[in-house]
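Visitor: sequence first, predicted model second:
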Amino acid sequence: MPLMIYIVPGTCDYCGCCVGVCPEDAIELLESDIRIIDERCTNCRKCVWACPWEVIEFHREGISHLPKELSLPQEAPPSF
């Protein structure tokens, strides 16, 4: 089963609400990093429901097409 749980890059405040409700212990929360452990996640959506900031999403079609990291716009070179 493909992973369907997605954490929108750059939006998590690392509160840990999702970690506490995950029955599979599939969310790794470090000081300033959070990730889903693909092999453990069963797509139960408890983390989606528990997130007070709505930064965890469920995508029925899978998440392989979504960005893994926050991409910041490149600064345009100066035009002379």
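Guide: Arrived safely.
Visitor: quick one: the helices in the chain?
Guide: All helices of the chain, identified by DSSP state H, fall at 17-21, 46-50.
Visitor: mind listing what's buried along stretch 25-43?
Guide: By neighbour count on 16 or more other Cβ atoms under 10 Å, the buried set for stretch 25-43 is 26-27, 34, 36, 41, 43. In this view, the C-beta of every residue, glycine as well, is placed from N, C-alpha and C.
Visitor: brain fart, stretch 54-65
Guide: In stretch 54-65, counting by 16+ other Cβ under 10 Å, buried: 55-56, 63.
Visitor: rewinding a little: and the two most separated of the buried residues of stretch 25-43?
Guide: Ile34 and Asn43 (16.9 Å; Cβ to Cβ).
Visitor: quick one: Val55 from Ile34, how far?
Guide: According to Cβ to Cβ, to the nearest Å, Val55 stands 9 Å off from Ile34.
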